[in-house]
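J.: Build the 3D model from these lines:
(one chain, ligands or ions: 2)
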Amino acid sequence: MTAPTELELIRPDDWHVHLRDDAMLVAVATFTARQFARAIIMPNLKPPVTTVAAARAYRERILAAVDPSLAFTPLMTAYLTDDAEPEELARGFREGVFTAAKLYPAHATTNSAAGVTDVRRLDRVLERMQAIGMPLLVHGEVVDHQVDVFDREAAFIERVLAPTLERFPGLRVVFEHITTRQAVDFVTQARPTVGATITPHHLEFNRNALFEGGLRPHFYCLPVAKREEHRLALRKAATSGNPKFFLGTDSAPHRVTDKESACGCAGIWNAPVALESYAKVFEEEGALSRLEGFSSLHGPRFYGLPVNGECVRLVREPTAVPERYPLAPGDVVPFHAGRQLAWRFAGVTRPG
Ligand code: DOR
Ligand code: ZN
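T.: Ligands and ions are numbered 1, 2, ... in the order given. Sure, this is the predicted structure:
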């Protein structure tokens, strides 16, 4: 079979993205909005988005940062703290402001200091979320410093996720940005109300990339990339056609000065090349025909939302990725910086 020169997909959604705030929001939002119809917006701002009012205001700021002709819908999330109130979450969900709530274990990652110190503190919240069908999105890493950083996701499954799912058998859960074979196996065997997002970067490189000829801060994200066997398990899961696995970029911009530092920030900004990056992986796996399920069908099905009406086009055309983008808040290095990709995003096509 000859390789296709063009791909048309139902317009995808990004089920996990960091759009930041202020000047960075204004600089980066369009990169996500031009490809994706909807996106689950992470709430780890300073201060975090914990209330319905804060989420409404943030949603307005996002919409103001994006050209309305892009027809982009931000889906907001609540940042869970030890003091999260079931009624506030339920009200936000009822009023169509919160699509889901995000569990950050305290100190697990960027702006997670206000996160949850012990998941058992969330019993009332999770009970309510289970009752109303509000999805729980989890950053799945333990923060126990006794646990090796590369083992923190696997430990989270055993210590937190599995027991929580047992206590709340009807809770809808998305295990975000999975990085291990253990997470793939766990989600595959779990009930249908458990899904997972997979990032383009965890499909692309393993932990060696962090140390290739020197320390490489632009490959640092959390959860950190693992061994090759885990990357291969992720590629298999993403391209399997299993509806539990869907697209979530975890695009997380930081200024280059915050990355190239004695204590560099975690996060990879992949929004400028998100679909191109996934297309690369699916093509390498001989699974281009399964890209649309992963990018555009499985997520809406999990969230109980309609599939998008528009389509997007990718064309086979060598595309050079800039080394940096000079954005207003400072330069940001994109995923695949300085490399050439085989696919180029060629825009949204609207029916009729
Ligand atoms: O690499 C990451 N960056 N992982 C996260 O969990 C948070 C994100 C960020 O906000 O920068
Ligand atoms: Zn994230």
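
J.: Pull the residues that contact stretch 283-300.
T.: Outside stretch 283-300, the residues that touch it by CB atoms under 8 Å, 6 or more residues apart in numbering are 3-4, 7, 9-13, 15, 195, 235-236, 238-241, 243-248, 275, 278-279, 282, 305-308, 342-343. The C-beta positions use only the backbone N, C-alpha and C, and glycine is treated the same way.

J.: secondary structure class for residue 323?
T.: What DSSP: H, G, I helix; E, B strand; the rest coil gives for residue 323 is coil.

J.: Surely it touches residue 332?
T.: No - Residue 323 is beyond contact range of residue 332, at 10.8 Å (criterion: CB atoms under 8 Å).

J.: more crowded one of these two?
T.: Neighbours were counted for residue 323 and for residue 332 using other CB atoms under 10 Å; residue 332 has more, 25 against 12.

J.: Please verify my assumption that that one contacts residue 252.
T.: No - using CB under 8 Å, residue 332 is not in contact with residue 252, being 10.4 Å away.

J.: where do the contact lists of these two overlap?
T.: Counting by CB under 8 Å, 6+ apart, the residues touching both residue 332 and residue 252 are residue 269.

J.: coming back round to it: ChimeraX command for the buried members of the contacts of stretch 283-300?
T.: Buried members of the contacts of stretch 283-300, defined by 16 or more other CB atoms under 10 Å, are picked up in ChimeraX with:
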select :7,9,10,11,12,13,15,195,235,238,239,240,244,245,246,247,248,275,278,279,282,308,342,343
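
J.: which of the contacts of stretch 283-300 are close to ligand 1?
T.: Contacts with ligand 1 are made by none of these, judged by CB under 6 Å from any ligand atom.

J.: Give me the subset of the contacts of stretch 283-300 lying in helices.
T.: 235-236, 238, 275, 278-279, 282 (DSSP state H).

J.: any chance of the residues you listed in CSV, plus distance to residue 314 and pLDDT?
T.: Output for those, formatted as CSV (distance: CB to CB, whole Å; pLDDT from 0 to 100):
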residue, distance to residue 314, pLDDT
235, 19, 99
236, 22, 98
238, 17, 99
275, 6, 98
278, 10, 98
279, 6, 98
282, 11, 98
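
J.: out of those, what pair is the most spread apart?
T.: Distance extremes for these: the farthest pair is 236 and 275 at 20.3 Å, using CB to CB.

J.: Which positions in the host helix or strand of residue 89 come out as buried?
T.: Per DSSP states H and E: residue 89 is located in helix 86-94. In terms of neighbour count (16+ other CB under 10 Å), helix 86-94 has its buried residues at 86, 88-90, 92-93.
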